[in-house]
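Student: Build me a model from this:
(4 chains)
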Protein chains: 2
Amino acid sequence: MATRSKLQFIILGLLAQENRTGYDLTQAFTDEIGEFWQAGHSQIYPLLARMQEQGLIDYERTVAGTKLEKKLYHITPAGRSALSTWIATPTPELAASKDEFVLKLYFIDSASDSRLPGMLREQLNVHIEKIAHLEMRRQLLFGSEAERQAHFGHFLILDHALQRERDYKQWLEGALRMIEKA
Amino acid sequence: MATRSKLQFIILGLLAQENRTGYDLTQAFTDEIGEFWQAGHSQIYPLLARMQEQGLIDYERTVAGTKLEKKLYHITPAGRSALSTWIATPTPELAASKDEFVLKLYFIDSASDSRLPGMLREQLNVHIEKIAHLEMRRQLLFGSEAERQAHFGHFLILDHALQRERDYKQWLEGALRMIEKA
DNA sequence: CCGCACATGTAAAGCGTTACATGATTGC
DNA sequence: GCAATCATGTAACGCTTTACATGTGCGG
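Tutor: Purely as a prediction, here's the structure:
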């Protein structure tokens, strides 16, 4: 029964919001939900074809200009049903975080390892930039109370991402303090 | 050049600590580092063979009882060098977190969605249990200052995992308060 | 007319999970 | 003797990334 990828549900969710082309969906993984999930067009187009065969989605051809064909996909009732079922299904357990930096730390035994300060500071910069980026997006998307109400789930997870990054930053700063004392 | 999986470096790191069989390595992904990374034996055995061909590791056959062969792997100088290079390489960017629960939230638009309270509470339980588990491990592995000093990196990341889970819990509690007010 | 964005695909290679498959050792 | 654990592999399938491949539309 394999991994039953979440990608198809993301696509269903995005198509439930509005009709989109494969290209639009690809863009969404950069702009909208790149924070939470990633996928390239070479994964999306074949999956769209399979989902259409399964009746979860369908498309109509439209033409831009004189020749350029677009397939504008929309969700079917069966697709809506599958999406709804997925959302209602308990989320059993979270996978390991697979954070490469954390993994590297695992193999450093001594607090006085000469590589540690550089590694921690470099990572600190990465997260400081991430925080700035998330704060900007939060302001942009959810500056007003009305927008929070209209996309409450999105607001929640953006808020969560921001908290997580701030926590990560604090942890790195704490680690730096620990090794400085030693 | 493909993804250049991190798994091989984990194996190098584990073999740098002590010599192990494929079976031992598999166990390590349950006991020791299951918190941070996962891998099954069917991924490990073929990779060990490839790494041995590349000269990163080697093994000697040993026999338990009268017949049962074990391959006891050890890291080679080339393997140590590869491990060291990997650790020293800047960690460019973290992948998206791929948290399925967060993904589901993204598709919930309204704070009054009837599924929200149940989803949040269920997830809260998951994380409360995780916190308890991590606190136990922290106590078990790093109850004494000496143990923190001997495996500083491991201590740091366990501490980080714990902080992350506490943060997650607080976020869920905050979300629950928000929807109760509405 | 040039470059960038729009638009859609396929191919190759490796990663990762689940299932299939086999056999020995140890403790009860 | 039987079960749990030790021990090592292969196969099938799907996911994911990178690269290959092609062509249109639009604005300057």
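Student: what's the domain layout of chain A?
Tutor: A:7-88, A:100-181 (automatic domain parsing).
Student: closest to DNA strand D out of those?
Tutor: domain A:7-88 (2.6 Å; CB to the nearest atom of the strand). To be clear about C-beta, it is placed using only N, CA and C from the backbone, and glycine gets the same treatment.
Student: end-to-end on that closest one?
Tutor: Chord length of domain A:7-88, first to last residue, is 17 Å (CA to CA, to the nearest Å).
Student: quick check, that domain touching DNA strand D?
Tutor: Yes - for domain A:7-88, a contact with DNA strand D is found by CB under 7 Å from any atom of the strand, at A:L7, A:Q38, A:A39, A:G40, A:S42, A:Q43, A:V63, A:A64, A:G65, A:T66, A:K67, A:L68.
Student: pLDDT score assigned to A:K70?
Tutor: pLDDT recorded at A:K70 is 95.
Student: surely it meets A:R20?
Tutor: No - here A:K70 does not reach A:R20: they are 9.9 Å apart, not a contact under CB atoms under 8 Å.
Student: Neighbour count for these two, which is higher?
Tutor: Higher neighbour count among A:K70 and A:R20: A:R20, with 20 against 16, using other CB atoms under 10 Å in any protein chain shown.
Student: buried ones in stretch A:59-78?
Tutor: Neighbour-count burial for stretch A:59-78 flags A:Y59, A:K70, A:K71, A:Y73, A:I75, A:T76 (criterion: 16 or more other CB atoms under 10 Å in any protein chain shown).
Student: Can you pick out the most distant pair from the residues you listed?
Tutor: Greatest spatial distance in the buried residues of stretch A:59-78: A:K70 and A:T76, 18.7 Å, computed using CB to CB.
Student: closest one to DNA strand C among the domains of chain A?
Tutor: Per CB to the nearest atom of the strand, nearest to DNA strand C of the domains of chain A: domain A:7-88, 2.8 Å.
Student: And the helices in chain A, which stretches?
Tutor: A:7-17, A:22-31, A:41-53, A:77-88, A:100-106, A:116-142, A:145-150, A:152-181 (DSSP state H).
Student: got the contact list for the closest residue to A:E93 other than its chain neighbours?
Tutor: Among residues not flanking A:E93 along the chain, B:V126 sits closest, at 6.8 Å (CB to CB, 6 or more residues apart in numbering or on different chains). Residues in contact with B:V126, defined by CB atoms under 8 Å, 6 or more residues apart in numbering or on different chains, are A:T91, A:E93, A:L94.
Student: closest to DNA strand C among the residues you listed?
Tutor: Nearest member of the contacts of B:V126 to DNA strand C, counting by CB to the nearest atom of the strand, is A:E93, at 10.8 Å.
Student: What residues does chain A have near DNA strand C?
Tutor: A:1-3, A:21-24, A:26-27, A:41-42, A:45-46, A:48-49, A:64, A:68-71, A:95.
Student: Quick one: buried ones out of those?
Tutor: A:T21, A:G22, A:T26, A:L48, A:K70, A:K71.
Student: So the second one versus A:Q43, what's the distance?
Tutor: This means A:G22. 11 Å (CB to CB, to the nearest Å).
Student: Sketch out the low-pLDDT regions of chain A for me.
Tutor: A:1-4, A:95, A:182 (pLDDT under 70).
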